[in-house]
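1. Provided below for reference: sequence and predicted model.
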Amino acid sequence: MIDFTNLPVRKKTYAGANGSKISVLYNDELYMLKFPAVPTINKEMSYANGCISEYLGCHVFESIGIPVQTTLLGTYTINGKQKIVVACKDFTMDGLVLQDFASLKNTIIDSAHNGYGTELSDIVKTLEEQSAIDPQLLIEWFWDMFIVDAFIGNWDRHNGNWGFLYAPKTDKITLAPIHDSASCLYPQADEEMMQKILADPAEREIRIYDRPLSGIKKNGQKIQYFKFISSLENDDCNKALKRILPKINMNEINKIIDETPFISDLQKNFYKTMLCERKEKILDFSYQKLQKREQSLF
Ligand SMILES: Nc1ncnc2c1ncn2[C@@H]1O[C@H](COP(=O)(O)OP(=O)(O)O)[C@@H](O)[C@H]1O
Ligand SMILES: [Mg+2]
């Protein structure tokens, strides 16, 4: 167990609306410590499970082979109270600057909406028209992220929660590792709610087919992951589904969950069950539908 309480604190600060953050040196490397946010939906909880969600979400991305920030779970004691925190290794070393997708979207001069607007058609237009990164690479990155976010139930992949690393000296830009997965895996569910959801298939269906919604909108409405992916309406999304699904290894993911510190057996069971069912009902279902459609074309 890592105790982050008495580490040297640095003056680097971080934005973001979901809870306090400080920077510390751990093993001579800079980390952003994220503290648990106050729950906004479930007022019964003393704090939301966002730190666990951040850790698990990032480890799922890693297990699929997508570059992601390094995350560690540990404790931090304030005023005699011990909190579970997640440490995210700062990837802006060597003078690299994190530029979010919203700022890239701002470079598209005739875009109808501002950088933080998450209408899918505007996002796609930016992916195609921007000149910082090979458009094909960027389109694939975006849709791979979309499929994994659907799997882990992330409702907050807005344009400030992914981006690029810019090197001012060389003017080079690369994709930043995945970060901010704190809004995946039902961070506002407490143990009582987890138990209720595990006991009742109808409760699970709502949380697989209907909720959470994506942070991205189509015609002004937040996208329903199941409806959108299973409609097979977007070819880049279909291609990402074909790329990502074979890389999801549930044994490996269950092992990650089993080895996660601080969480109860009930919580482990909850995460394993929801991921298993989200994979089957959203991704496997859509993949099979896609295969049938492709076979029928021959
Ligand atoms: N690993 C990281 N290294 C450097 N900067 C980061 C890292 N992760 C996030 N950030 C920056 O810190 C901000 C806040 O972090 P984030 O995880 O998005 O918090 P929140 O959950 O409050 O939105 C991000 O918008 C990004 O600019
Ligand atoms: Mg954020």
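-> Done, it's in. Ligands and ions are numbered 1, 2, ... in the order given.

2. which stretch of helix or strand covers whichever residue of the stretch 1-150 of the chain sits closest to ligand 2?
-> Residue nearest to ligand 2 within the stretch 1-150 of the chain (Cβ to the ion): Gly16, separated by 4.1 Å. Placement of C-beta: from N, CA and C, glycine included. Under DSSP states H and E, no helix or strand contains Gly16.

3. Could I get the phi/psi values of it?
-> Reported as degrees, to the nearest 10, the phi and psi values for Gly16 are phi 100, psi 150.

4. List the contacts of it.
-> Asp180 (Cβ atoms under 8 Å, 6 or more residues apart in numbering).

5. Please apply the same query to Asp149.
-> Taking Cβ under 8 Å, 6+ apart as the criterion, Asp149 is in contact with Arg157, Cys184, Ser214, Tyr225.

6. what about the last one, how many neighbours?
-> To tie it back to what came earlier, the one meant is Tyr225. By the measure other Cβ atoms under 10 Å, the count of residues near Tyr225 is 28.

7. Next: the first one.
-> Neighbour count of Arg157, defined by other Cβ under 10 Å: 24.

8. And for the second one?
-> Counted with other Cβ under 10 Å, the burial measure for Cys184 works out to 26 neighbours.

9. which parts of the strand or helix carrying Ile257 are buried?
-> In this structure, Ile257 sits in helix 250-258 according to DSSP H and E. Neighbour-count burial for helix 250-258, counted by 16 or more other Cβ atoms under 10 Å, picks out Ile253, Ile256, Ile257.

10. who touches Thr126 in this structure?
-> Contacts of Thr126 by Cβ under 8 Å, 6+ apart are Phe101, Leu104, Lys105, Ile108, Ser111.

11. Need the pLDDT of it.
-> On the pLDDT scale, Thr126 is placed at 95.

12. again with the one 10 residues further on
-> In the predicted model, Gln136 carries a pLDDT score of 98.

13. what do you get for Ser46?
-> Note on Ser46: pLDDT of 70.

14. excluding its backbone neighbours, what's nearest whichever residue of the stretch 101-250 of the chain sits closest to ligand 2?
-> Of the residues in the stretch 101-250 of the chain, the one nearest ligand 2 is Asp180, at a distance of 3.9 Å by Cβ to the ion. Using Cβ to Cβ, 6 or more residues apart in numbering and skipping the chain neighbours, the partner closest in space to Asp180 is Asn161 (4.4 Å).

15. Same question for Thr77.
-> Thr5 (4.8 Å).

16. repeat for Asn269
-> Per Cβ to Cβ, 6+ apart, closest to Asn269 is Leu198, 6.5 Å.

17. and that neighbour, that one's in a helix?
-> Yes. According to DSSP: H, G, I helix; E, B strand; the rest coil, Leu198 belongs to a helix.

18. circling back: tell me what angle the next helix or strand after the helix holding Ile257 forms with helix 250-258.
-> Where DSSP H and E defines the elements, the next helix or strand beyond helix 250-258 is helix 265-278. Interaxial angle of helix 265-278 relative to helix 250-258 (axes from the mean of the first three to the mean of the last three Cα atoms, to 10 degrees): 150 degrees.

19. So which elements touch helix 265-278?
-> For helix 265-278, the packing partners by 3 or more Cβ pairs under 8 Å, 6 or more residues apart in numbering; DSSP states H and E come out as helix 50-64, helix 135-152, helix 191-199, helix 201-205, helix 250-258.

20. Out of these, which is closest to ligand 1?
-> helix 50-64 (6.9 Å; Cβ to the nearest ligand atom).

21. tell me the mean pLDDT for the helix holding Ile257?
-> Mean pLDDT, computed over helix 250-258, is 98.

22. Determine the set of other helices and strands touching that helix.
-> Using 3+ Cβ pairs under 8 Å, 6+ apart, helix 250-258 sits against helix 50-64, helix 265-278.

23. Flag the shaky bits of this structure, pLDDT-wise.
-> 111-112 (pLDDT under 70).

24. Show me what from it comes close to ligand 2.
-> By Cβ under 5 Å from the ion, the residues of the chain that approach ligand 2 are Gly16, Asn161, Asp180.

25. The last one against His158, yeah?
-> No. Taking contacts as Cβ atoms under 8 Å, Asp180 lies outside contact range of His158: 9.3 Å.
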